[in-house]
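K.L.:
here is my input, please return the structure:
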Amino acid sequence: MSSPAWDPAQYLRHAGHRARPFTDLLARVPDPPSAAPAVADLGCGPGNVTVLLAERWPTAHITGYDNSPEMLDRAVTEHAGPTPGGGHLDFAPADVRTWAPERPYDLIVSNATLQWVPGHAERFGEWIAGLAPGGTFAFQVPGNFSAPSHRLMHEIARSPRFEDRLADLLRHDDAVLAPETYLERLTSLGCEADVWETTYLHLLTGEDPVLDWVKGTGLRPVLTALADDPEAREEFLAEYRAALRAAYPATAHGTPFPFRRIFAVARKEA
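P.N.:
Purely as a prediction, here's the structure:
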């Protein structure tokens with residue numbers, strides 16, 4: 001699957017809800033073994049959660065990696081440079097599918113990125129080998145590929161009107177592994193692992209908020225593929241919008257949007 005075009009502004013429209021899983025992940029990450037830790041953030045996006053690493057470890061040298069020029073431009077413009085605690089935050093282009101540690105890291109972390117990387121668990125061994133003794137590899141991925149938001153997207157993409165252009169673009173249930181499988185993979189690599197899952201119940205506001213949410217993430221391949229055909233794009237969005245309204249009815253206080261996520265924290269032996 002080719003990389004979709006990303007829109008940092010659209011992604012950040014739900015920044016608070018999107019950042020919460022990363023905050024919950026960091027709460028379970030132990031302090032790095034170094035007083036001035038080296039940290040890699042794989043798939044840093046616009047950098048809005050990468051800065052949380054600098055808040056947690058003010059002396060850290062943190063590098064955020066992403067393959068989207070639009071996301072990196074936003075991250076560099078708004079967040080790159082020295083941090084108040086004496087550390088440094090910078091960003092660099094990289095494809096997580098091929099990225100390998102170029103030096104020992106005290107922490108390698110990834111937030112809602114590995115679901116875009118086919119066979120990502122096969123990379124765990126190389127990444128953990130690139131950790132300093134006592135270092136940590138931590139990530140979270142969405143686990144909601146069977147939810148209506150994704151199921152309906154797939155159904156429309158596979159309809160006769162769109163299947164030639166869209167049917168092979170979208171991620172499927174096997175985009176992420178079961179929590180038990182992640183636990184087995186990480187412990188078999190010699191790590192002490194903590195793996196869990198959580199279903200958040202986001203209360204979204206505004207008109208068609210679930211559609212607005214997926215426009216920033218899961219719908220990006222569709223929007224990219226139909227960018228040169230505005231009529232088909234609007235036809236897809238109209239059908240998808242109506243289906244989402246039925247699947248996620250609004251209430252007087254907003255639209256409830258259940259979202260399951262899978263977390264893992266793996267500590268390398270000191």
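K.L.:
report the longest helix in the chain, please.
P.N.:
helix 230-247 (DSSP state H).
K.L.:
show me what that one is packed against.
P.N.:
helix 148-157, helix 209-215 (3 or more CB pairs under 8 Å, 6 or more residues apart in numbering; DSSP states H and E). Yep, even glycine has a C-beta here, placed from its N, CA and C like the rest.
K.L.:
that helix: which residues count as buried?
P.N.:
232, 236-237, 239-240, 243-244 (16 or more other CB atoms under 10 Å).
K.L.:
picking that back up, TSV for the helices and strands packed on helix 230-247, including distance to L189, mean pLDDT and mean neighbour count?
P.N.:
Converted to TSV, the helices and strands packed on helix 230-247 look like this (distance: least, CB to CB, whole Å; pLDDT from 0 to 100; neighbours: other CB atoms under 10 Å):
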stretch	distance to L189	mean pLDDT	mean neighbour count
helix 148-157	30	94	19
helix 209-215	33	95	21
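K.L.:
export the ones you listed as JSON lines, with columns for distance to A250.
P.N.:
Below are the helices and strands packed on helix 230-247 laid out as JSON lines (distance: least, CB to CB, whole Å):
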{"stretch": "helix 148-157", "distance to A250": "14"}
{"stretch": "helix 209-215", "distance to A250": "8"}
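K.L.:
what's the closest of those helices to A38?
P.N.:
Distance to A38, taken as CB to CB, is lowest for helix 209-215 among the helices and strands packed on helix 230-247, at 33.5 Å.
K.L.:
residues making contact with the closest one?
P.N.:
7, 10, 13-14, 17, 149, 153, 204, 206, 219, 223, 237, 240-241, 244, 247-248, 254-255, 257 (CB atoms under 8 Å, 6 or more residues apart in numbering).
K.L.:
can you check stretch 4-12 too?
P.N.:
Contact with stretch 4-12 is made by 18, 45-46, 48, 68, 70-71, 73-74, 212, 215-217, 220-221, 223-224, 227, as judged by CB under 8 Å, 6+ apart.
K.L.:
now stretch 88-103
P.N.:
If you take CB under 8 Å, 6+ apart as the criterion, stretch 88-103 is touched by 38, 40, 42-44, 47, 50-51, 54, 61-67, 69, 72, 75-76, 79-83, 108, 110, 113-114, 116-118, 120, 123, 126-127, 129-131.
K.L.:
hmm, back to that, ok, then the element right after the longest helix of the chain?
P.N.:
Where DSSP states H and E defines the elements, the next helix or strand beyond helix 230-247 is strand 255-267.
K.L.:
quick one: that next one to helix 148-157, angle?
P.N.:
100 degrees (axes from the mean of the first three to the mean of the last three CA atoms, to 10 degrees).
K.L.:
strand 255-267 packs against which elements?
P.N.:
Checked by 3+ CB pairs under 8 Å, 6+ apart, strand 255-267 has helix 15-26, strand 131-142, helix 179-188, strand 192-204, helix 209-215 packed alongside it.
K.L.:
in the protein, which residue is most central in space?
P.N.:
The centre of the chain sits closest to A112, judged by CA atoms, centre = their mean, with a distance of 1.6 Å.
K.L.:
A19 is in contact with that residue, correct?
P.N.:
No - in this structure, A112 is not within contact of A19 by CB atoms under 8 Å, at 10.1 Å.
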